[in-house]
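Asker: how would this look folded up:
(2 chains)
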Protein chains: 2
Amino acid sequence: MITGDETLGQVSEEGLLHSIFPFFAPQPGLLVGPGDDAAVVACNGALVATTDAMVRGRDWLDDWSSAADVGAKLVTQNLADVAAMGGVATSILVTLVADPATRAAWARDFARSIGERAAEAGVAVAGGDLSSAPPGVLLVSITALGDLGGREPVLRSGARPGDTVAVCGTLGRSAAGLLLLQREGTRAARHGGIHRVCLDHHRAPVAPLTAGPQAALAGVTAMLDVSDGLLRDGSRIAASSGVRLDLDGSALAPDVEPLAAAVGEEAARECVLAGGEEHSLLATFPAGDLPTGWRAIGAVAGGSGVTLDGVPQQPRGWDHFAG
Amino acid sequence: MITGDETLGQVSEEGLLHSIFPFFAPQPGLLVGPGDDAAVVACNGALVATTDAMVRGRDWLDDWSSAADVGAKLVTQNLADVAAMGGVATSILVTLVADPATRAAWARDFARSIGERAAEAGVAVAGGDLSSAPPGVLLVSITALGDLGGREPVLRSGARPGDTVAVCGTLGRSAAGLLLLQREGTRAARHGGIHRVCLDHHRAPVAPLTAGPQAALAGVTAMLDVSDGLLRDGSRIAASSGVRLDLDGSALAPDVEPLAAAVGEEAARECVLAGGEEHSLLATFPAGDLPTGWRAIGAVAGGSGVTLDGVPQQPRGWDHFAG
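Answerer: Numbers count the residues shown, from 1 in each chain, chains lettered A, B, ... in the order given. Below you'll find the model as predicted:
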């Protein structure tokens, strides 16, 4: 039992594992769970696998994000990658690499949050790794595994001229939330309404996970999740598919407008175009009706790159090492 | 092209990926490789999944281990976990979280080493994650996926009284290598012979990967890889199986003796009993002939814990947070 201010070094590896395993609900596809050399999960012909890490000081600040926030965000960004392939996530492996002076309660709250988000999505926490780190270092990582249900994976390379460019989920909220924190610090949380919505999405985003496999069933031609910004991620579909994405500014106005009330008109526009960590889905569909929950924001044409109202855009957004 | 002393920040994420992707040989089971939201790998009913991280300053020191050493060790420790389940590793995901001031050549050499070790084992580098870290932080992690070939996974819990305790591979070499580095620093490398063998095993261990699935075919009852020390890992089999492991000191003498020439008699004995990061396989088999490459070091009895020549042993070895 972790009760107060014990450190990880004080509760030991086994003590921590004993405290957190109950947070991880059993799932049907988990054949061997945590505690052996490796996990064993059911799979069916083809498996989607992705991994994503977060490190304190670059990907979050303790002043702005709780352990539960970090756990929720880490789950979402990994499961969104599985959804973007058209897959249904089935299990995750969780890594925590921490200075032994880290409060054990942080690790407990992180694990509980992961267990909750995973259970909501029907995903098993199959295993992971605990390691100690030098003073001050705290890093978390998840590998997510998913099932394609016998379908082909949805790649970035299938967009064709004439397709519709569409989004499922929000745009710009995470970036606007970050901007509010940068401007006002934790005092940003005193607001309600759209301010709070943006803060929440930055700290613990929710992604439209079921829309990924639904899009695959509906004939989506290319898809990814918006992790590095609409323009940068859009340019990835354009480059992989050998096409140009023509975005329609008026279709993005409903994304910009509510954010403008929180961060101002110009910043809101930049958040929608270049804001990362949103984890909505960006995709291209053959012309015609879109699946429920998707809205058109442009069209695919021959050429290269991304335009907005006919003007070529630089693919600005997040580069991990230059950022 | 990475030519000299550029940092990761100078070559950018895309520049680094462009440099390292050629190191990763294609493999038959890799359906979608690096570059999309997630990888897609072939799988066959049940999948083994494991993950293991290493962080600079705790798991290695740059003065003692090259980037190629770190890559090789990280591959070995992950693939050994798959082998210990009786599985054949098929693919890995690789994570690098690095201070942008890290030399790009480090990342290149690390990736090349991973590509080489993976190719030797017939394993695909399916994908991974690159992220930036605060100043001074360098962390690497692998998730390995493997196939059971239709067999049941080999757990730690199947040992039964009357079974033979056996080892495939060496004992104590990694710990002896570390001890030499702690005593002599890099001057330890001036020796040849067993000194060099121990240093090499500590820096870039080789594990008996094919012995895992072979043991499964031969009816092994419990198995793990020696990552935290013979006594500690042996006590894990004992606890999971509800049995006692009685080790025979004379059977371990051939492990102790050569190490004694490098580190002295008493230290050699401790390295063999409690030395971690060896990644040999420890298993229990029904009484009778052992598969090729395995040697008996004791027997399974009713009870609990681990004894050596009849004397109960404390399960000393490595605890990640207390260590």
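Asker: What helix or strand is residue A:142 located in?
Answerer: Counting by DSSP states H and E, the element that carries residue A:142 is strand A:138-147.
Asker: and that strand, does that touch chain B?
Answerer: Yes - judged by Cβ under 8 Å from any Cβ of the partner chain, strand A:138-147 comes into contact with chain B at A:139, A:141, A:143, A:144, A:145, A:146. For the C-beta atoms, the positions are set from N, CA and C on the backbone; glycine is no exception.
Asker: same for that strand, what does it pack against?
Answerer: strand A:39-55, helix A:67-84, strand A:88-98, helix A:104-120, strand B:39-55, strand B:88-98, strand B:138-147 (3 or more Cβ pairs under 8 Å, 6 or more residues apart in numbering or on different chains; DSSP states H and E).
Asker: Skipping adjacent residues, who's closest to residue A:86 in space?
Answerer: Of all residues not flanking residue A:86 in the chain, residue A:216 sits nearest, at 3.2 Å (Cβ to Cβ, 6 or more residues apart in numbering or on different chains).
Asker: Check what contacts the helix or strand that the one you found is a member of and list those residues.
Answerer: Taking DSSP H and E as the criterion, residue A:216 maps to helix A:211-217. By Cβ atoms under 8 Å, 6 or more residues apart in numbering or on different chains, the residues outside helix A:211-217 that reach it are A:80, A:82-88, A:148-149, A:151-152, A:154, A:168-169, A:223, A:281, A:283, A:285, A:291-294.
Asker: Kindly give a single ChimeraX line that selects the buried subset of these.
Answerer: The buried residues among the contacts of helix A:211-217 can be selected in ChimeraX (16 or more other Cβ atoms under 10 Å in any protein chain shown) with this line:
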select /A:80,82,83,84,85,86,87,88,148,154,168,169,223,281,283,285,291,294
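Asker: Please report how far the spatially most central residue of chain A lies from residue B:38.
Answerer: Centroid-nearest residue in chain A: residue A:77, 2.2 Å away (criterion: Cα atoms, centre = their mean). As judged by Cβ to Cβ, to the nearest Å, residue A:77 and residue B:38 stand 12 Å apart.
Asker: wait, which of the helices and strands packed on strand A:138-147 is closest to residue A:199?
Answerer: Nearest to residue A:199 among those is helix A:67-84 (9.9 Å), distances taken as Cβ to Cβ.
Asker: now for that closest one, which elements pack on it?
Answerer: Judged by 3+ Cβ pairs under 8 Å, 6+ apart, helix A:67-84 is in contact with strand A:39-55, strand A:88-98, helix A:104-120, strand A:138-147, helix A:193-203, helix A:211-217, strand A:222-225, strand A:281-285.
Asker: pLDDT of the first one, averaged?
Answerer: Confidence for strand A:39-55, expressed as mean pLDDT, is 94.
Asker: Please point out which parts of it sit buried.
Answerer: Result for strand A:39-55 [16+ other Cβ under 10 Å]: buried residues A:39-43, A:46-55.
Asker: Okay, now the sheet partners of it, with direction.
Answerer: strand A:30-32 (antiparallel), strand A:138-147 (antiparallel), strand B:39-55 (antiparallel) (DSSP bridges).
Asker: re the thing from before, check the residue nearest to residue A:86 and give its pLDDT.
Answerer: Reported pLDDT for residue A:216: 98.
Asker: Which residues does the helix or strand encompassing residue A:270 contact?
Answerer: For residue A:270, the host element (DSSP H and E) is helix A:265-274. Helix A:265-274 is touched from outside by A:171-173, A:175-176, A:179, A:229-232, A:252, A:255-257, A:259-260, A:262-263, A:308, A:313, A:316-317, with contacts defined as Cβ under 8 Å, 6+ apart.
Asker: So chain A: which segments form each domain?
Answerer: A:8-147, A:164-313 (automatic domain parsing).
Asker: can you give me the end-to-end distance of the longest one?
Answerer: This stretch, domain A:164-313, spans 19 Å end to end (Cα to Cα, to the nearest Å).
Asker: What of stretch A:23-36?
Answerer: Using Cα to Cα, one end of stretch A:23-36 lies 18 Å from the other.
Asker: burial measure for residue A:208, as a count.
Answerer: 20 (other Cβ atoms under 10 Å in any protein chain shown).
Asker: gap between it and chain B?
Answerer: 14 Å (Cβ to the nearest Cβ, to the nearest Å).
Asker: Give the helix, strand or coil label for that residue.
Answerer: Classification of residue A:208 by DSSP: H, G, I helix; E, B strand; the rest coil places it in coil.
Asker: pLDDT value on it, please?
Answerer: 98.
Asker: In contact with it, which residues?
Answerer: A:83, A:168, A:169, A:280, A:281, A:293.
Asker: Would you agree the first one is in contact with residue A:282?
Answerer: No - assessed by Cβ atoms under 8 Å, residue A:83 is found out of contact with residue A:282, at 11.8 Å.
Asker: Report the set of residues contacting both of those two.
Answerer: Residues touching both residue A:83 and residue A:282 (Cβ under 8 Å, 6+ apart): residue A:225.
Asker: do the least confident helix or strand in chain A by mean pLDDT and chain B meet at all?
Answerer: Using mean pLDDT, DSSP states H and E, helix A:8-20 stands out as the lowest-scoring helix or strand of chain A, at a mean of 89. Yes - contact between helix A:8-20 and chain B, assessed by Cβ under 8 Å from any Cβ, occurs at A:8, A:9, A:11, A:12, A:13, A:14, A:16.
Asker: could you check the angle helix A:104-120 makes with that helix?
Answerer: For helix A:8-20 against helix A:104-120, the angle by axes from the mean of the first three to the mean of the last three Cα atoms, to 10 degrees is 30 degrees.
Asker: Run through the neighbouring helices and strands of helix A:8-20.
Answerer: Helix A:8-20 packs on helix A:104-120, strand A:124-132, going by 3+ Cβ pairs under 8 Å, 6+ apart.
Asker: quick one, what contacts the closest residue to residue A:115 other than its chain neighbours?
Answerer: Sequence neighbours aside, residue A:23 is the residue nearest to residue A:115 in space, at 3.4 Å (criterion: Cβ to Cβ, 6+ apart). Residues near residue A:23 by Cβ under 8 Å, 6+ apart: A:111, A:112, A:114, A:115, A:116, A:125.
Asker: Looking at those, which is nearest chain B?
Answerer: residue A:125 (11.6 Å; Cβ to the nearest Cβ).
Asker: Kindly report the residues of the stretch 101-250 of chain A close to chain B.
Answerer: A:126-134, A:136-137, A:139, A:141, A:143-146, A:148, A:153, A:155-156, A:223-225, A:240.
Asker: so how many other residues sit close to the closest residue to residue A:260 other than its chain neighbours?
Answerer: Closest residue to residue A:260 apart from its sequence neighbours, by Cβ to Cβ, 6+ apart: residue A:268 at 4.1 Å. For residue A:268, the neighbour count with other Cβ under 10 Å is 25.
Asker: Quick check: the gap between residue A:268 and residue A:255.
Answerer: From residue A:268 over to residue A:255 the distance is 8 Å, taken as Cβ to Cβ.
Asker: what touches both of these two?
Answerer: Common neighbours of residue A:268 and residue A:255 (Cβ under 8 Å, 6+ apart) are residue A:172.
Asker: Where does the prediction get shaky in chain A?
Answerer: A:1, A:317-323 (pLDDT under 70).
Asker: burial measure for the residue in the stretch 151-300 of chain A that chain B sits nearest to, as a count.
Answerer: Ranked by Cβ to the nearest Cβ, the top residue of the stretch 151-300 of chain A for proximity to chain B is residue A:153, at 4.7 Å. By the criterion of other Cβ under 10 Å, residue A:153 has 21 neighbours.
Asker: Just confirm it contacts residue B:32, I think it does.
Answerer: Yes - using Cβ under 8 Å, residue A:153 is in contact with residue B:32, at 5.5 Å.
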